[in-house]
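> coordinates for the following, if possible.
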Amino acid sequence: MVVSSWKREDILKMIRENLSERVFQVFQICGKVGDKRDTNTFVVGGSVRDILLSKPSLDIDIVVEGDGLEYSRALKDEIKGELKTYGTFGTATIKSKDGVRIDIASARREEYESPAVLPKVSVGNLKDDMYRRDFTINSMAIALNRKSFGELIDLFSGARDLSRGVVRVLHDKSFEDDPTRIVRAVRFETRLGFRMDEKTEKLLKNALTSRMLERLTPERKRYEVELAFSEERPDLIAERMRKLNIFGHLARGLRGPDKKHVERIQNSIGKFRKSLKPKTWTVYTIAIADALPFGQAVAFARSLSLPKKQIQKIIQVKMAKPEVTRLDSDEDIAPSSVYRILEGLSPEGLVYMYSLAKKEIAKKRIEEHIKNYRTKRILITGDDIKRLGISEGPIFSTILEKVLDARVDGVVGSYEDEMELAKKIVEVS
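Coordinates of the predicted model:
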């Protein structure tokens, strides 16, 4: 076991200063349970990275050299939390009433029989468990057993890379074994303000050239793309992915939005974050797909195994886009006409359309629609129309649409106004 040159008292000081008293107590309880069961117990991975970076967290990753499920049951009794086990993977999660989440796993070894395929998993020790991880900065552990509590185990110089701001893989076949690490490398670069070292970036580019990303299942690709564009700075992630040509390996010929467009997308998301509450990763998925012709855009969405609702959001944008160009016109356009152009778009679609607007007048129209007209509804109902002697049919929809247009344009303002207009429409029909 390689114990880091970091002094134990320094690690304990960092834990004390950067984590809550409750998390420190949980660390002690985890070690105590390990001692009772004669089981080596460690906090690992991102939890250790964040401690060394002075980032507070309520999420704790625990690895034990032994039976993780049995350990988790014993720990649950001490923590007094809710336990959920995942027998297939030999892992468990405990959520305490005060918001602390503990993920527990047995130390394991992974063997990749072929590139991009999920590994064969077997029981291992801490070194095996650290070696299977994506990057050195995520492959450190802190001992929690009483005799060694606070010792940093750093087998692959993760602390050094952390201090240098470097994202580095543990071995040359890392991106071949698990190509999701291609997107993940960019995610950690952006989140931490780091950069891949020269060799790691070369290995990543070689994996792209060997079409490793294309070997992943749609579900695994979608998961990583969703995580990436749900980060705090998806704009920087998009730009880095474009420069590395990662988009081109998600769909043939795809370049991704350029830097200026990404800036407009990010500004648009920020502008409507409170009013529309858009899902950032969905906005970026729409932007990426929109660079492709209609058929290819739908194929791209399906290649990521996107849910039907999300594919529909992409289709809505592709269908509405030709009409939206009318909003750039300097001629007068009634609010109801703007409403009809934009009415089928999701919140994410509206945010994206705003990012495309070239003229201030188009931006103003979209913004006014979102602020004043998007949620407009009429007061009369189908039953009211029936009472005018109209049977259901095309005229039914025509009446309701014309009344809604009048409400959006401010021509009618009350139930009585709407009924009067409906009567007039019936009389001339």
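
> determine how far the host helix or strand of residue 355 lies from the middle of the whole chain.
In the assignment (DSSP states H and E), residue 355 maps to helix 347-356. Relative to its parent chain, helix 347-356 has a centroid offset of 18 Å by C-alpha atoms, centre = their mean, to the nearest Å.

> stretch 265-272 now?
Offset of stretch 265-272 from its chain centre (C-alpha atoms, centre = their mean): 17 Å.

> try stretch 207-224
Here stretch 207-224 is found 17 Å from its chain centre; the criterion is C-alpha atoms, centre = their mean.

> next, the angle from the helix or strand containing residue 269 to helix 347-356.
If you go by DSSP H and E, residue 269 is part of helix 259-271. Computed by axes from the mean of the first three to the mean of the last three C-alpha atoms, to 10 degrees, the angle separating helix 259-271 from helix 347-356 equals 130 degrees.

> kindly state the domain boundaries assigned to this structure.
Recorded structural domains for the chain (assignment: automatic domain parsing) are 8-164, 166-216, 224-375, 382-428.

> got a markdown table for the ones you listed, with mean pLDDT and mean neighbour count too?
For every residue, glycine as well, the C-beta is placed using N, CA and C. Formatted as a markdown table, those follow (pLDDT from 0 to 100; neighbours: other C-beta atoms under 10 Å):
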| stretch | mean pLDDT | mean neighbour count |
| --- | --- | --- |
| domain 8-164 | 92 | 18 |
| domain 166-216 | 97 | 19 |
| domain 224-375 | 94 | 18 |
| domain 382-428 | 88 | 15 |
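
> quick one: contacts for the nearest residue to residue 217 once chain neighbours are set aside?
Nearest residue to residue 217 in three dimensions, chain neighbours excluded: residue 305, at 7.8 Å (C-beta to C-beta, 6 or more residues apart in numbering). Residue 305 makes contact with 217-219, 221-222 under the criterion C-beta atoms under 8 Å, 6 or more residues apart in numbering.

> make JSON lines from these and add distance to residue 159 and secondary structure to it.
Converted to JSON lines, those look like this (distance: C-beta to C-beta, whole Å; DSSP: H, G, I helix; E, B strand; the rest coil):
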{"residue": "217", "distance to residue 159": "34", "secondary structure": "coil"}
{"residue": "218", "distance to residue 159": "37", "secondary structure": "helix"}
{"residue": "219", "distance to residue 159": "34", "secondary structure": "helix"}
{"residue": "221", "distance to residue 159": "32", "secondary structure": "helix"}
{"residue": "222", "distance to residue 159": "33", "secondary structure": "helix"}
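
> give me the buried entries from those residues.
Buried subset of the contacts of residue 305 (neighbour count, 16 or more other C-beta atoms under 10 Å): 221-222.

> so which of the contacts of residue 305 is the closest to residue 247?
Proximity of the contacts of residue 305 to residue 247, judged by C-beta to C-beta, is greatest for residue 221, which lies at 11.9 Å.

> looks like the closest one contacts residue 301 (just checking).
No - the pair residue 221 / residue 301 is not scored as a contact, 11.6 Å apart, by C-beta atoms under 8 Å.

> now find how far off-centre stretch 96-115 is within its chain.
Taking C-alpha atoms, centre = their mean, one finds the center of stretch 96-115 at 20 Å from the center of the full chain.

> circling back: counting by contacts, list what the helix holding residue 355 packs against.
Packing contacts for helix 347-356, counted by 3 or more C-beta pairs under 8 Å, 6 or more residues apart in numbering; DSSP states H and E, involve helix 259-271, helix 273-276, helix 280-290, helix 308-324, helix 360-368.

> again, 10 Å this time
Applying 3 or more C-beta pairs under 10 Å, 6 or more residues apart in numbering; DSSP states H and E, we find helix 347-356 packed against helix 259-271, helix 273-276, helix 280-290, helix 308-324, helix 335-342, helix 360-368.

> re earlier: which residues touch the helix holding residue 269?
With contact meaning C-beta atoms under 10 Å, 6 or more residues apart in numbering, helix 259-271 is reached by 233-239, 242-243, 256-257, 276, 278-280, 283-284, 286-287, 290-291, 348, 350-357, 363, 366-367, 370.

> and the angle for that helix with helix 360-368?
Angle, helix 259-271 to helix 360-368, by the same axes, to 10 degrees: 30 degrees.

> coming back round to it: of the contacts of residue 305, closest to residue 71?
Set against residue 71, the nearest of the contacts of residue 305 by C-beta to C-beta is residue 219 (29.9 Å).

> leaving out chain neighbours, which residue sits closest to the closest one?
residue 305 (5.0 Å).

> helix, strand or coil for the one you found?
coil (DSSP: H, G, I helix; E, B strand; the rest coil).

> where's the nearest residue to residue 122 once chain neighbours are set aside, which helix or strand?
Nearest residue to residue 122, sequence neighbours excluded (C-beta to C-beta, 6+ apart): residue 109, at 5.0 Å. Assigned by DSSP H and E, residue 109 belongs to strand 108-111.

> what does that strand rub up against?
Under the contact criterion C-beta under 10 Å, 6+ apart, strand 108-111 has outside partners 63, 68, 89-91, 118-125, 127-129, 131-133, 177-178.

> follow-up on the earlier one: any chance of TSV for the contacts of residue 305, columns pLDDT?
Putting those into TSV (pLDDT from 0 to 100) gives the following:
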residue	pLDDT
217	95
218	95
219	95
221	95
222	95
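
> returning to what we had before: between the helix holding residue 355 and helix 308-324, how many degrees?
For helix 347-356 against helix 308-324, the angle by the same axes, to 10 degrees is 30 degrees.

> residues making contact with whichever helix or strand comes after the strand holding residue 109?
Next helix or strand after strand 108-111 toward the C-terminus (DSSP H and E): strand 120-123. Contacting residues not belonging to strand 120-123 are listed as 65-68, 88-90, 106-113, 128, 132 [C-beta under 10 Å, 6+ apart].

> isn't residue 342 up against residue 367?
No - in this structure, residue 342 is not within contact of residue 367 by C-beta atoms under 10 Å, at 11.1 Å.

> can you map out the strands along this protein?
Secondary structure of the chain by DSSP state E: the strands cover 41-44, 59-64, 82-86, 91-95, 101-106, 108-111, 120-123, 140-143, 152-154, 166-167, 195-196.

> give me the distance between the nearest residue to residue 187 once chain neighbours are set aside and residue 106.
Among residues not flanking residue 187 along the chain, residue 228 sits closest, at 4.9 Å (C-beta to C-beta, 6+ apart). Distance, residue 228 to residue 106, by C-beta to C-beta, to the nearest Å: 29 Å.
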